[in-house]
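Engineer: Predicted model, plus sequence, below.
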Amino acid sequence: MKVLMLFFTLSIGLSSALAQTLVDSTCKRYFAITDQLRQGDTLDPKVWNQLMNDKAIQMYIRDQGVDEGYIERYKRTMQLVYMPQNEALLQSRLKDSTKYWLTYILYQYKKNEAGMRAYLTNLEKDPAKYFNDCYRYTYAMLPKSAQKRATNQIYSIIPIHYDAHAENDYIVCSLLCAYLNDKNQYGVLGGHELHHILRPRIDYTKITSEDENVVALLEITLNEGSADMIDKKYMTNKDTVLLPFQRYFNTFFEEGKHLLPQIDSLLQLSAKGSTFTVRQFLKGTIFTGGHVPGTYMAHYIEKNQLTSKLVARINDPFHFYLLYNEAARKDPSKPYVFSKASVGYITRLRKKYSAALYSH
Ligand SMILES: [Zn+2]
């Protein structure tokens, strides 16, 4: 009997390991907590710790770089938002969402809870259909050869915060982020994250240490730029289903105007042999994720009908910059054009690392 049981467990493990799995169990646990809080009960630290110890939540928290103090504050804010006896304090805090940011976010969870529950019930009915909708967007930004299914993939929706993150075999999406983005344009958020999983990459093992910072700068720009082409056009100031801070496109675009000349200067310095400044730039700004220059540059590539050229070389960070420059030169609105020195430098690097681009 024991042997049979073991075989049974193994076979289930194997079949689910090959597929893409939707996991939303932490959301259910979260709703059990909010049900209790709404009845006036305080949050049991044991129940809270159990929730926070979930693997996907841990992975997300580590990526965000938040500490224990933050988690504790999050818990206390939950009690403030959901417990009826704190209603007056909640209302006064909601008047200043910038100062009481966590209160504002948790209030959005509370306000949207019925919609979120229905959203998850709907997803659970047919996760395969949901993933198909996401893949449609992902594939639009991938060459045929890369249009595969992510295998061994956990797609975990977690009930904290308002962000999405892809790492190894996990995609972790905050419920608030998944719910509102899918309500606005179904499938684009998953489409963006799956693009990170499936996009072919430059072979980093072939990049020498003196160039790795500058290649990293170009790579993170392409990485988010190409993925942002999937979803950021649906995150504009007109997309009022989203919360104001989720309408990223316009912010990224405005910031991009200022950031490109800075990147140009860094590239020129780097061409002369300085890697320090690029390294500082990568570590020291809020733009390290690549969204700001990426969204800006991708916008002009698309506007000037160069998307298919980008898709054909989706693993090539040098090409992304050169293609942007081609678009910028053509564009009547005169976006920033990179200097000859930077373009020459990128072209030289591209030649130097052609083996890293075509090794797979
Ligand atoms: Zn991304």
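Structural biologist: Great, that's in hand.
Engineer: CA only for contacts and neighbour counts going forward, please
Structural biologist: Fine.
Engineer: Do you have the strands of the stretch 51-200 of the chain handy? List them.
Structural biologist: Secondary structure of the stretch 51-200 of the chain (DSSP state E, counting those that start in this stretch): strands located at 153-158, 164-167, 170-174.
Engineer: Between these, which has the poorest mean confidence score?
Structural biologist: When the strands of the stretch 51-200 of the chain are ranked by mean pLDDT, strand 164-167 comes last with a mean of 85.
Engineer: Can you list the strands that that strand pairs with?
Structural biologist: strand 170-174 (antiparallel) (DSSP bridges).
Engineer: Give me the phi and psi for Tyr353.
Structural biologist: The phi/psi pair for Tyr353 (degrees, to the nearest 10) reads phi -110, psi 30.
Engineer: who are the neighbours in contact with it?
Structural biologist: Contacts for Tyr353 (Cα atoms under 8 Å, 6 or more residues apart in numbering) come out as 206-207.
Engineer: Now the element after the host helix or strand of Asn213, going C-ward?
Structural biologist: Counting by DSSP states H and E, the element that carries Asn213 is helix 212-231. Of the helices and strands lying after helix 212-231 in sequence (DSSP H and E), the nearest is helix 248-271.
Engineer: buried sites along that next one?
Structural biologist: By 16 or more other Cα atoms under 10 Å, the buried positions in helix 248-271 come out as 248-250, 252-253, 256-257, 259-260, 263-271.
Engineer: got the domain boundaries for the protein?
Structural biologist: Per the record, the chain has its domains at 21-112, 117-198, 204-357, by automatic domain parsing.
Engineer: What is the end-to-end distance of the longest one?
Structural biologist: Taking Cα to Cα, to the nearest Å, the span from the opening residue of domain 204-357 to its closing residue is 9 Å.
Engineer: got it, and the first one?
Structural biologist: Taking Cα to Cα, the first and last residues of domain 21-112 lie 25 Å apart.
Engineer: Tell me how far that domain lies from the chain's centre.
Structural biologist: 21 Å (Cα atoms, centre = their mean, to the nearest Å).
Engineer: could you give the mean pLDDT of that domain?
Structural biologist: Mean predicted confidence for domain 21-112 is 94.
Engineer: cool, the longest one as well?
Structural biologist: Computed over domain 204-357, the mean pLDDT rounds to 93.
Engineer: Start the count at 436 instead of 1 going forward.
Structural biologist: Sure, I'll start counting at 436 from here, so that last one is domain 639-792.
Engineer: Distance from that domain to the middle of the chain?
Structural biologist: Per Cα atoms, centre = their mean, the centroid offset for domain 639-792 relative to its chain is 16 Å.
Engineer: circling back: out of the strands of the stretch 486-635 of the chain, which is closest to Thr643?
Structural biologist: strand 599-602 (24.6 Å; Cα to Cα).
Engineer: Pull the contacting residues for Thr456.
Structural biologist: Neighbouring residues of Thr456 by Cα under 8 Å, 6+ apart: 562, 587-590.
Engineer: which element follows the helix or strand hosting it toward the C-terminus?
Structural biologist: For Thr456, the element it lies in under DSSP H and E is strand 455-458. Following strand 455-458 in sequence order, the next helix or strand is helix 460-473 (DSSP H and E).
Engineer: buried residues in that next one?
Structural biologist: For helix 460-473, a neighbour-count test (16+ other Cα under 10 Å) marks 461-462, 464-465, 468-469, 471-473 as buried.
Engineer: Among these, which one sits closest to Met494?
Structural biologist: Each of those was scored against Met494 by Cα to Cα, and Thr461 proved nearest at 13.6 Å.
Engineer: Name all residues that make contact with the closest one.
Structural biologist: For Thr461, the contacting residues are 486, 489, 592-594, by Cα under 8 Å, 6+ apart.
Engineer: same question, Leu704
Structural biologist: Taking Cα under 8 Å, 6+ apart, one finds 710, 712 in contact with Leu704.
Engineer: swap in the one 10 residues further on?
Structural biologist: Contacts here follow Cα under 8 Å, 6+ apart; on that basis Arg714 touches 648-649.
Engineer: What of Arg748?
Structural biologist: His754.
Engineer: Repeat that for Ala467.
Structural biologist: Applying Cα under 8 Å, 6+ apart, no residues qualify as near Ala467.
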